[in-house]
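> have a look at this prediction, sequence included:
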Amino acid sequence: MRVIIQENYEKMSRWAAEHIAKAINSHKEARPFVLGLPTGSSPLGVYKKLIEMNKAGKVSFKNVVTFNMDEYVGLDHDHDQSYWYFMHDNFFNHIDLPAQNINMLNGMAKDPEKECRDYEKKIAAMGGIDLFMGGIGVDGHIAFNEPFTSLSSRTGLRTLTTDTRIVNSRFFGNDPSKVPAYALSVGVGTVFDSKEVLVLINGHNKARALAHTVEGGVSQKWTCSALQMHNNAIIACDEDACGELKVDTYRYFKDVEKAERL
Ligand code: GLP
């Protein structure tokens, strides 16, 4: 696992955006580059930077297919807190990604199980995901894989924990009861089948989760810890998120990344 420690959120976002652009630009196969994407506040800086790079002609999304991680159950596309709305508003509407290349789980699907099975099939039909970018919750959940979700889980219906509904209530008038109780989400296994996983972890409130991801044992209590089993995983984080790391862990990753740049 690589841990890229950047001074602040802005630099972390720039590093991650440049890494994604490089991966897309160096993709030489005829089939499209398949990119997995998250919502949340963590990736906003990356989306902003990728939009700038797209407008400046430094990266194009014309040969990219995207799969989003998750969607709330019961919110339609027009709901300003649906992840569909979020992705279009913050990213898709501003880049040259063809609309037909966008894949998102439909939280209004009449048959959620079929919706999830079909999503897995579609990912497989595209040849799998080349790079999955993610964020994590303060309890270490990746996508909506809350604590104690199986580390080999596939796309399916998830029940949100009270903790997550409280944290996410900041987008629902600070009322946790207004946050949907269920979501459709890719599984931990779905994310970790990707050729590369890039997880953004920033801010003091994620410090405990970062320590568990990097230094803790692999455990379904912290679903992000499954990253330790992936052979091409990168965490991009800021200094604020490093507060709970042991000093020698922090120094180790700083040293290794310095050495790699020589
Ligand atoms: C939600 C999403 C996750 C995201 C998490 C953290 O629960 N389902 O994919 O990683 O929020 O969000 P933020 O980046 O706003 O802290």
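Sure, I can see it. Numbering: from 1, shown residues only.

> go ahead and list the helix or strand containing the residue in the stretch 101-250 of the chain that the ligand sits nearest to.
Proximity of the stretch 101-250 of the chain to the ligand (Cβ to the nearest ligand atom) peaks at residue 135, 3.0 Å away. All C-beta atoms are positioned from the backbone trio N, CA, C, and that covers glycine. Assessed by DSSP states H and E, residue 135 sits inside strand 131-135.

> let me know the average pLDDT across that strand.
If you average the pLDDT over strand 131-135, you get 98.

> need the CA coordinates for that strand. CSV is fine.
Included here for strand 131-135 are C-alpha records, laid out as CSV according to Å, rounded to 0.1, in the frame of the first residue of the first chain:
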residue,chain,number,x,y,z
LEU,A,131,-9.2,2.6,-11.2
PHE,A,132,-11.7,3.0,-8.4
MET,A,133,-11.5,6.3,-6.5
GLY,A,134,-13.1,6.3,-3.1
GLY,A,135,-13.5,8.2,0.2
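
> and the ligand, is the helix or strand that that strand is followed by touching that?
Counting by DSSP H and E, the next helix or strand C-terminal to strand 131-135 is strand 156-159. No: using Cβ under 6 Å from any ligand atom, strand 156-159 stays clear of the ligand, with a minimum separation of 9.1 Å.

> related to what we said a few turns ago, surely the residue of the stretch 101-250 of the chain closest to the ligand and residue 40 touch.
Yes: Residue 135 lies in contact with residue 40 (Cβ atoms under 8 Å); the separation is 4.5 Å.

> who's more crowded, these two?
Shown here are residue 135 and residue 40; by other Cβ atoms under 10 Å, residue 135 has more neighbours (22 against 17).

> on that earlier part again, partner strands of the strand holding residue 135 and their direction?
strand 33-37 (parallel), strand 196-201 (parallel) (DSSP bridges).

> what are the boundaries of the strands in the stretch 51-200 of the chain?
Here the stretch 51-200 of the chain has its strands, by DSSP state E, counting those that start in this stretch, at 64-68, 70-72, 102-103, 131-135, 156-159, 182-185, 196-201.

> got those as CSV, with distance to residue 53 columns?
Converted to CSV, the strands of the stretch 51-200 of the chain look like this (distance: least, Cβ to Cβ, whole Å):
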stretch, distance to residue 53
strand 64-68, 13
strand 70-72, 25
strand 102-103, 19
strand 131-135, 15
strand 156-159, 33
strand 182-185, 28
strand 196-201, 16
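
> enumerate every residue touching the residue most central in space within the chain.
Geometric centre of the chain, nearest residue: residue 134, 1.5 Å, by Cα atoms, centre = their mean. Residues near residue 134 by Cβ atoms under 8 Å, 6 or more residues apart in numbering: 36, 38, 69, 142-143, 191, 197-200.
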